[in-house]
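>>> Please find the sequence and the predicted model below.
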Amino acid sequence: MTKYDVFIIGAGPIGLACGIEAEKAGLSYVIVDKGCLVNSIYNYPLNMTFFSTSEKLEIGEVPFISHGSKPNRFEALEYYRRVSSTWNLNVSLYNKVEKVDRLEKSGEFQIITERGPFEAKAIVMATGFYDFPYLLNVPGEELTKVRHYYDEPHPYFGQKIVVIGAANSAVDVALETWRKGAEVTMVIREKEIRDSVKYWVKPDIENRIKEGSIKAFFNSSLTEIREREVEVNTPDGKLTFDNDFVLAMTGYKPDFTLLKSMGVEFQDDEYKTPKYDNITHESNASGIYLAGVVCGGLKTNKWFIENSREHAPVIIQDILKNKNEI
Ligand SMILES: Cc1cc2nc3c(=O)[nH]c(=O)nc-3n(C[C@H](O)[C@H](O)[C@H](O)COP(=O)(O)OP(=O)(O)OC[C@H]3O[C@@H](n4cnc5c(N)ncnc54)[C@H](O)[C@@H]3O)c2cc1C
């Protein structure tokens, strides 16, 4: 079994950036992902456009040139494929990490993945937050008409859809599906559309609601989903209306179970922030580092590509320093 200096979990932009730094530092490494390359971005809505300009998403000194002022999902997929081939990164895809054990004698790690075991001296967790949606926990959530991920508007043409949520993704989904011919009702727990919604989109949704093109129930929640209808609790009482699809855009959270099983602890704050050193990014569990969005715990908008690609060099430098000290 090959023993790597660094085992990187997650082939998102930040996991790839860590691989590039390991390559530069002459450390042996592998980047393992349960899905395809940049699996989270692959699962983003098909027509999404990044809010960052392309140079802010660059890693490994590979230029990212997009056609518009902001890159879209297709350009980003192409860009990160190009990064991976330019650096000839050692990536193992469709290979979920199931378990990480610390070897008692050496303090090093054995990693169990779908495709077999690996050994490594250090682990970088770059697992993001996009794999675990917040569930509604209402009867009927298991029906196939309930979706926690949105890809494109076409399937919803002519359909009665309910969009849950009041943040950016819910607003984008409501506007895009309505513009492509869906009958859209938003069910929103809060009393208004969130302030964090992109400033160039917020007036659009507010005006569509005001003019009645998109229906919205504020201070309301879904209480039951049935094959052909939904039940909603509103300030005016319970309502039942016809429904074909429910798009629950209620956000996502990191894989706390895997972190916990590896001995990573969490701060006692509302975001369940993992404990790690702010400078080196080593977690409380020695030899296990945190990179990218996962560092924010439930505060999933704290870190993004723009501001977390810098985690990669500091982590790899610390791993290199520890290796040289042995
Ligand atoms: C709609 C949308 C628009 C965005 N726009 C921007 C933007 O404009 N600018 C910006 O900077 N950021 C943006 N972001 C955020 C950005 O996409 C994320 O911050 C970025 O993907 C985080 O990178 P990451 O490498 O930390 O995690 P991710 O990209 O989420 O990668 C994590 C990887 O880990 C893998 N993984 C998880 N668990 C396991 C396991 N057990 N075994 C193996 N692999 C595993 C996943 O499959 C995934 O590929 C946007 C996000 C969304 C949702």
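That came through, no problem.
>>> Asn39 versus the residue in the stretch 201-326 of the chain positioned nearest to the ligand, what's the distance?
Residue nearest to the ligand within the stretch 201-326 of the chain (CB to the nearest ligand atom): Gly292, separated by 2.3 Å. Where you see a C-beta, it was placed from the backbone N, CA and C, and this is true even at glycine. Using CB to CB, to the nearest Å, we find Gly292 at a distance of 13 Å from Asn39.
>>> quick one: common contacting residues for those two?
Applying CB atoms under 8 Å, 6 or more residues apart in numbering, one finds that Gly292 and Asn39 are jointly contacted by Gly12.
>>> who's in contact with Glu325?
If a contact means CB under 8 Å, 6+ apart, then Glu325 has no contacts.
>>> distance of it from Ile319?
Counting by CB to CB, the gap from Glu325 to Ile319 is 11 Å.
>>> picking that back up, more neighbours: which of Gly292 and Asn39?
Gly292 (28 against 18; other CB atoms under 10 Å).
>>> Helix, strand, or coil at the nearest residue to Ile288 once chain neighbours are set aside?
Leaving aside its sequence neighbours, Ile288 sits nearest to Ile123 (CB to CB, 6 or more residues apart in numbering; 4.8 Å). Here Ile123 is recorded as strand under DSSP: H, G, I helix; E, B strand; the rest coil.
>>> hang on, Ile123 packs against Glu108?
No: between Ile123 and Glu108 there is no contact under CB atoms under 8 Å: 9.6 Å.
>>> hey, what's in contact with both of those two?
Residues touching both Ile123 and Glu108 (CB under 8 Å, 6+ apart): Gly287.
>>> Settle it for me: which of these two has more neighbours?
Per other CB under 10 Å, whichever of Ile123 and Glu108 has more neighbours is Ile123, with 24 against 17.
>>> Report the contact partners of that one.
By CB under 8 Å, 6+ apart, the neighbours of Ile123 are 6-9, 100, 109, 111, 262, 287-289.
>>> gap between stretch 196-206 and the chain center?
Centroid separation for stretch 196-206 versus its chain: 22 Å, with CA atoms, centre = their mean, to the nearest Å.
>>> Identify all contacting residues around that stretch.
With CB under 8 Å, 6+ apart, stretch 196-206 has contacts from 51, 166-168, 171-172, 174-175, 193, 214, 301.
>>> Mind doing that once more with 10 Å?
Under the criterion CB atoms under 10 Å, 6 or more residues apart in numbering, residues 51, 166-172, 174-175, 178, 186, 192-195, 210, 214, 216, 301 lie in contact with stretch 196-206.
>>> swap in stretch 260-274?
The contact list for stretch 260-274 (CB under 10 Å, 6+ apart) reads 9, 97-102, 109, 111, 123, 125, 253-256, 258-259, 275-276, 283-288, 290, 294-300, 302.
>>> redo that, cut-off 8 Å
Contacts of stretch 260-274 (CB under 8 Å, 6+ apart): 99-100, 102, 123, 125, 256, 259, 275-276, 283-285, 288, 290, 294-299, 302.
>>> following the strand or helix carrying Glu224, which helix or strand shows up next?
Secondary structure from DSSP states H and E places Glu224 in strand 221-225. On the C-terminal side of strand 221-225, the closest following helix or strand by DSSP H and E is strand 229-234.
>>> Tell me the first helix or strand C-terminal of that following strand.
strand 237-242.
>>> Show me the residue sitting in the middle of the protein in space.
Closest to where the C-alpha atoms of the chain average out (CA atoms, centre = their mean) is Tyr130, at 2.8 Å.
>>> Test my guess that that one contacts Tyr42.
No: using CB under 8 Å as the test, Tyr130 is too far from Tyr42 to be in contact (10.0 Å).
>>> the helices in the stretch 151-300 of the chain, which residues?
Remark: helices assigned in the stretch 151-300 of the chain by DSSP state H, counting those that start in this stretch are 168-179, 202-210, 256-261.
>>> chain center to the shortest one, what's the gap?
Taking CA atoms, centre = their mean, the mean C-alpha location of helix 256-261 is offset from the chain mean by 16 Å.
>>> Next, the buried residues of it.
Using 16 or more other CB atoms under 10 Å as the burial criterion, the residues of helix 256-261 that qualify are 256, 258-259.
>>> Quick check: the residue in the stretch 51-200 of the chain that the ligand sits nearest to vs Val230, distance?
In the stretch 51-200 of the chain, the residue that lies nearest the ligand is Gly128 (2.1 Å; CB to the nearest ligand atom). Gly128 sits 31 Å away from Val230, going by CB to CB.
>>> repeat for Ile123
Look at Ile123 and Val230: by CB to CB, they are 43 Å apart.
>>> what about the closest residue to Asp151 other than its chain neighbours, neighbour count?
Among residues not flanking Asp151 along the chain, Leu46 sits closest, at 5.3 Å (CB to CB, 6+ apart). Using other CB under 10 Å, Leu46 is surrounded by 14 other residues.
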